[in-house]
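Engineer: can you look at this prediction? I've put the sequence above it.
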Amino acid sequence: MELLFVTVIGAGFGALVRYLLPQRGTYGSLLLPGISAAVTSAAWVGLVWLGWKFDGTWIWVASLGLGAVAALITALVLPRRRVAEDAHRLAQLSRGKA
């Protein structure tokens, strides 16, 4: 049951990151919550397999922190790459090279 809770909270952190950072129009509205939820749940399962107790504080902090950091990195890197790739593709299409 805790896996469900931590996954939903992780998705919420991803949504929060989405609306706190600029250039959110360069990626979909569910991308960051989805990435955050996936990383959070994978970290949770990995830490449980390593022997961390599911009712301990640090498993929550580590799992949610990793999910939030993954969403933050995605939100910082993706718009820059998207804008650059769009400009490159527009230049290609303007020259007639598809």
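Structural biologist: That came through fine. Numbering: from 1, shown residues only.
Engineer: show me what contacts residue 40?
Structural biologist: Counting by C-beta atoms under 8 Å, 6 or more residues apart in numbering, residue 40 makes contact with 6-7, 9-11, 13, 63-64, 66-67. C-beta: built from backbone N, CA, C; applies to glycine.
Engineer: now with 7 Å, please.
Structural biologist: 6-7, 10, 63-64, 66-67 (C-beta atoms under 7 Å, 6 or more residues apart in numbering).
Engineer: now stretch 17-29 - C-alpha only, CSV.
Structural biologist: C-alpha atoms of stretch 17-29 as CSV (Å, rounded to 0.1, in the frame of the first residue of the first chain):
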residue,chain,number,x,y,z
VAL,A,17,8.0,20.9,-10.8
ARG,A,18,6.2,21.3,-14.1
TYR,A,19,4.3,24.4,-12.9
LEU,A,20,7.2,26.0,-11.1
LEU,A,21,9.6,26.1,-14.0
PRO,A,22,9.3,28.1,-17.3
GLN,A,23,9.0,26.7,-20.9
ARG,A,24,6.5,24.0,-19.9
GLY,A,25,5.0,24.4,-23.4
THR,A,26,7.8,22.4,-24.9
TYR,A,27,6.7,19.1,-23.4
GLY,A,28,3.5,17.3,-22.5
SER,A,29,1.6,18.0,-19.3
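Engineer: what's next to that stretch, contact-wise?
Structural biologist: 32, 68, 71-72, 75, 78-79, 82-83.
Engineer: pLDDT at the residue nearest the centre of the chain, what is it?
Structural biologist: The centroid of the chain falls nearest to residue 71 when counting by C-alpha atoms, centre = their mean (2.7 Å). Each residue has a pLDDT score; the one for residue 71 is 97.
Engineer: perfect, I'm done here.
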